[in-house]
Structure formats: structure tokens, C-alpha cells
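A.B. asks: Make a model of this:
(one chain, ligands or ions: 2)
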Amino acid sequence: MEKFDLIVIGAGPSGYAAAMRAVDFKKKTLLIERNTLGGAGITNGALSSKTWWELSRDMLAFRKNLKRYGMTPPSAIWKEIQSEVNTAVKEKVDLLNDHLEHIKTDSKYSNYLTFIQGEADIIAEHQVHVKNGNGEITYEGSNIIIATGSRPRHVPELPIDEKHVFTSDGIEQMDDFPESLVIVGAGVIGCEYATIFAGFGKTKVYLIDKGDSILPFEDSDVVEVIERNLEAEGVHIHRNSQLSKMEVKDGRVHYTLTFTDGTVEEFEVEKALVSIGRVPNFEKLWAEAVPIKMGKRGVEDHDTNTTVSNIYAVGDITADINLVNVGELEGRYAVEKIFGKPDKKLVYENISTIMFLNPEVAGVGLNEKMARQQGLNYKVVSLDYSCISRAIAKRNTEGFIKLLVTDDDEMKVLGMRVIGEQASSAIQAVALLISMNKGIEELAECVHPHPSITEGIQESVRALLGKSILKSGLMKNKVSCYCYDCSKEELKAI
Ligand SMILES: Cc1cc2nc3c(=O)[nH]c(=O)nc-3n(C[C@H](O)[C@H](O)[C@H](O)COP(=O)(O)OP(=O)(O)OC[C@H]3O[C@@H](n4cnc5c(N)ncnc54)[C@H](O)[C@@H]3O)c2cc1C
Ligand SMILES: NC(=O)c1ccc[n+]([C@@H]2O[C@H](COP(=O)([O-])OP(=O)(O)OC[C@H]3O[C@@H](n4cnc5c(N)ncnc54)[C@H](O)[C@@H]3O)[C@@H](O)[C@H]2O)c1
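C.D. replies: Ligands and ions are numbered 1, 2, ... in the order given. Purely as a prediction, here's the structure:
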């Protein structure tokens, strides 16, 4: 039986990152993938959906701006757009494949990494069995990392067939833009696809939301902007609604909603998308004799260790945050733990995120909702995009920057949300400050390029320090600083 220092099951972002870090330690590593390299980080997931989003943003901009040049906006052609997305997906999968080919032939790495296609399962604490078109084989591993990811959650009441009622695994393979689409679940995936389809302007989108606002984990000022824009693009948000029935009749989707006020209404659309969360891929992955413990939402891990000492779990298979950057972080960290000593502890507080909506929403650390749930006193500054030259030049001043700091002299950064054009580019400096546990002065004095969105962050910081160019509180909703007292649940202008 061939022996490896490490066997990694799954070559999505987490598994691929783990395997490549193991190579740095010159450890004999086996990487196994049953499907396509990159997992949901590329196909029917992060990269593919972001390519749809980028192309849909182009179309939205055409529809809004071409009048300025006396031109009529073009109409989006599904097949053309789909083909462009497929090209993007192929480019990234090819890059990873190509990289593996180079590794195979490069003397620096070739002794360390073996990649095979196949379905793997753990038959004993140190043994992994792999089945593929060529037959079956068992390998021995001193250590094993499970990185098998997740898939869309199905529920028996919803007739998912990937023909009329889709999940994110099938929606991008449709034949054409549907004339109407209902989206069940107003979380990140639901809202991103609502933004994508609304942006192309060919589909009437309905979004079913259990509560009275979409994105229930986000602050209300952020959600208000997103809801306003979705509705301006013709999206109908069914608020406070419970889906009581969905069926496919004569090739159309019929659904019934019961609203919290007791009313019941029926609707008919061409297609449906179900985006009600994801579940871990763990079925048949280990034999009964291997005592890996599962929690409700995934493998129970402590700092990437499972309940079996030589087996680790990383990425979406674990019960924490489902993101590419988190999966990569965990994959690399587990390897550093196995073969060395990680430089830093695994912490989740300073993870940066982007939600690809209209406009994009970038975040790091706490928002106000979280800070209040944690019973924290904080100072917060909010600066409107209309104060930022770059946003004015871009002819799009919709959005704001919101920065939360501790309510003490140190003013340590607790978190930030930026909603608006290029929000994602503005977040990194603050993410770095949080990870370095630094106060905000550093940002106040560093010279930013002009005109740039990050200047808005600098001005926000200066406002908190009482030395901004535009003075806080003078112009309604432009620059404002508040202080939140959690014992009184009170927000006061400062
Ligand atoms: C529509 C959508 C959009 C998203 N957008 C973003 C985004 O913008 N930003 C972001 O950070 N995250 C995004 N995510 C989340 C992100 O894609 C996941 O968090 C990430 O892919 C998880 O990586 P992973 O390696 O843990 O799992 P996966 O990507 O799911 O990869 C797991 C791999 O393991 C393989 N595998 C499973 N079982 C076996 C087995 N028994 N044997 C061999 N191989 C196996 C699978 O085939 C797969 O390739 C999005 C997800 C979706 C669905
Ligand atoms: N930009 C990004 O970073 C990005 C993009 C897409 C996905 N993701 C990741 O993928 C994960 C999964 O996304 P998701 O949107 O499927 O999950 P989610 O947890 O974000 O949202 C699911 C939503 O569905 C609702 N819901 C649950 N059951 C329901 C039911 N029976 N009927 C109606 N609504 C129901 C929930 O209340 C929730 O609002 C996210 O947690 C995120 O980590 C990230």
C-alpha cells in the first residue's frame, strides 16, 4: 500500500490550498478530487457567479448610461453571456490543472505531490480508499485532511429538478433568460442572483423573504439601499412570507405564500431558484469504525482537528463560515499545524467579505447589529459617498462608509461596512488594522492616492479623531459620528 505523509480529500479552494502548503514542507502528499478542480470556488459557485455578476453590472451600466451617448441599450443574449462565463470558469480550472502538470515535472516538487481523480472514503484512521474509472485502490496516510465542501440544501417540500426549480448548481446551465423567476431564500446567494437577473433586465424577479427585510444578518441602513435598488430594477420582494406550497404544472412553477398577517396568495412563474443554505458533503465519507463526530451544520472541529487525532477538517465541511478565503485559511493552517507551528492563531474576527449586490457591500469585523448583540459600547462614523471625489467623478455617489471603533481613547477598529462603487478595494487597509490590533491614527495620516475611495476611509477616521476636513454633523447625512451606549441602548451624536 502506497504511503503518504498527508492525504487531502477534495480539491476545492480548501483542499488545493492545503495540498500546496504541504508541498512547501516537502511532505509526500496525495490530493484526491472526484469532480472538477477548484470545486464550488470556481464552478457553479464563487467564480462563475461573480462572472455573471460582472457581466450583469456591465449590462446595467449600459441600460443606464447609453442614453448619454444617444445610443439605445443592447439586449443581453443568454448564450453569449453563458459562453463567456464558461470561458472564465475554464480559464481558472485550466490554470490549476496546468499548475499541477508543472508540479509533476518540476524536480523541486515532483517527489511531493500526487494528484488523482476519484471518489475517496476513509476506511480506517490511516487508510483512504479511492474508486475511479480505473478501479479501486487503498492508500495509507499518516494524516488526512477532509476538504469535501458543501452542496445546496434541499427540502422535501420543494420540487428541485434543475429544469424548472433550480439550485445554484443548475441555475447557470439554463437555456435562456426566464421571463420570470422566483427565488426562495433571501440570503447571500438569493440576493446575488436576484441582482444578477435584475441587472440583465430580461427577467421579472420575485424574492421570498421570511422576515421583513432581506439579508437578516446585515445592518438596516445597508439593507435599505440594497432593497431600494432591487425594487428599482423591478424585483418584487415578498416580505414576511412563508412558502406553503410549490409545484411544477405544465412546465411552469406555481407557488403559494402565507403572509404573517394570515393572507394566502398564489403565484405562477417560469422558473424558481432555491437558495436556503448549504449542507456539508459527508455522507459515506468515513467508515463506522472511524469516530469522526458530526454536528448539526458540519464536522465538529476544534481549530481544524476532528475527534480523530490524525484527521483534520477544513472549508465548507466544517460548521463555521462558508467562504473561499476562510477555506484556504483553514487548509493552510491545518497543514502548518500538522508539519510545523502556525505563525498565527486561527481567528475569524478579521475575515473580509464582499456581497455582490447593487452596489457591492464589503465588510470586515463587526457591524452594528453584531456589536449590539455582543453588548459592546462603540463609536461609529458614517460618511456618505457624495463626499468622495472619486465617487463624484464616477457619477455614482450612492453608498456610504461605516466604521466602528471601541468607545475608549484607543479607538481600536471593531469593524467596517462599505456599500458603493469599488467598496471591496476600500476595505483592505482596515482589515489589516484589525488583524494588527491597531488603533485608527495610522490611517488618518497615511497619504492616499487622489481621487480614490480609500480617501473616504481616511476622512472617516479623521472625523472620529475630531480633525476631518468636512466637519461631522454639519451637513445632514454626509459625515456623522455617534456613540452607542449598550446599557441604555442609546445612540448619541458626538
Ligand atoms: C453560488 C455561490 C457563490 C459563492 N460566492 C462566493 C464568493 O463570492 N466569495 C466567497 O468567498 N465564497 C463564495 N462562495 C462559497 C465558496 O464557494 C465555498 O465556501 C468554497 O468553495 C468552499 O471550499 P471547499 O474547498 O471547502 O469546498 P468545495 O469548493 O465545495 O470543494 C470541495 C471539493 O471536494 C470534492 N469532493 C467531495 N467529496 C469528495 C470525495 N468523497 N472524494 C473526492 N473528492 C470529493 C468536490 O468535488 C469538490 O471539488 C459561493 C458559493 C456558491 C455556491
Ligand atoms: N459573496 C459571498 O461571499 C458569497 C456569495 C454566495 C454564497 N456565499 C456563501 O454561501 C453560503 C450559502 O448561501 P445561501 O444564500 O444559500 O445561505 P444563507 O444562509 O446566506 O441564506 C439562506 C436564506 O434562506 C432562508 N431560508 C432558509 N430556509 C428557508 C425556507 N424553507 N424557505 C425560505 N427561506 C428559507 C434563510 O432565512 C436565509 O435568509 C453563505 O453562507 C455564504 O457563506 C458567499
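
A.B. asks: Spell out which residues make up each domain of this protein.
C.D. replies: 3-43+85-151+279-339, 165-276, 359-493 (automatic domain parsing).

A.B. asks: for the shortest one, what is the average pLDDT?
C.D. replies: This predicted structure assigns domain 165-276 an average pLDDT of 96.

A.B. asks: Just the endpoints, please. Distance across it?
C.D. replies: For domain 165-276, the first-to-last residue distance is 13 Å (Cα to Cα, to the nearest Å).

A.B. asks: Distance from the chain centre to that domain, please.
C.D. replies: Mean C-alpha position of domain 165-276 versus that of the full chain (Cα atoms, centre = their mean, to the nearest Å) differs by 19 Å.

A.B. asks: Same question for stretch 135-153.
C.D. replies: On Cα atoms, centre = their mean, the centre of stretch 135-153 falls 24 Å from that of its chain.

A.B. asks: Could you do stretch 31-41 as well?
C.D. replies: That offset, for stretch 31-41, works out to 18 Å (Cα atoms, centre = their mean).

A.B. asks: so, in contact with ligand 1 or not, that stretch?
C.D. replies: Yes: interface with ligand 1: stretch 31-41 contributes 32, 33, 34, 35, 39, 40, 41 (Cβ under 6 Å from any ligand atom). For the C-beta atoms, the positions are set from N, CA and C on the backbone; glycine is no exception.

A.B. asks: Give me the neighbour count for the first one.
C.D. replies: Here the count is done by other Cβ atoms under 10 Å, and residue 32 has 24 residues near it.

A.B. asks: And the nearest residue to it once chain neighbours are set aside, how far from ligand 1?
C.D. replies: Excluding its sequence neighbours, the residue lying closest to residue 32 (Cβ to Cβ, 6 or more residues apart in numbering) is residue 120, at 4.4 Å. Look at residue 120 and ligand 1: by Cβ to the nearest ligand atom, to the nearest Å, they are 4 Å apart.

A.B. asks: and if you look at residue 247?
C.D. replies: 25 Å.

A.B. asks: cool, and residue 341?
C.D. replies: Taking Cβ to the nearest ligand atom, one finds residue 341 at 24 Å from ligand 1.

A.B. asks: Next: residue 384.
C.D. replies: Distance from residue 384 to ligand 1, by Cβ to the nearest ligand atom: 26 Å.

A.B. asks: what's near enough to touch that residue?
C.D. replies: Neighbouring residues of residue 384 by Cβ atoms under 8 Å, 6 or more residues apart in numbering: 397, 399, 400, 477, 478, 479.

A.B. asks: what does residue 136 give?
C.D. replies: The contact partners of residue 136, taken as Cβ under 8 Å, 6+ apart, are 129, 130.

A.B. asks: and it, that's in a strand?
C.D. replies: Yes: the assignment for residue 136 is a strand, going by DSSP: H, G, I helix; E, B strand; the rest coil.

A.B. asks: Show residues contacting the stretch of helix or strand the residue nearest to residue 32 belongs to.
C.D. replies: Assessed by DSSP states H and E, residue 120 sits inside strand 119-124. Strand 119-124 has contacts (Cβ under 8 Å, 6+ apart) with 7, 9, 32, 34, 128-132, 138, 144, 146, 284-287, 289-290, 292, 311.

A.B. asks: Likewise for stretch 98-105?
C.D. replies: 23, 37, 109, 110, 113, 115.

A.B. asks: Would you mind checking the contacts of residue 384 for buried ones?
C.D. replies: Buried by 16 or more other Cβ atoms under 10 Å: 397, 399, 400, 478, 479, out of the contacts of residue 384.
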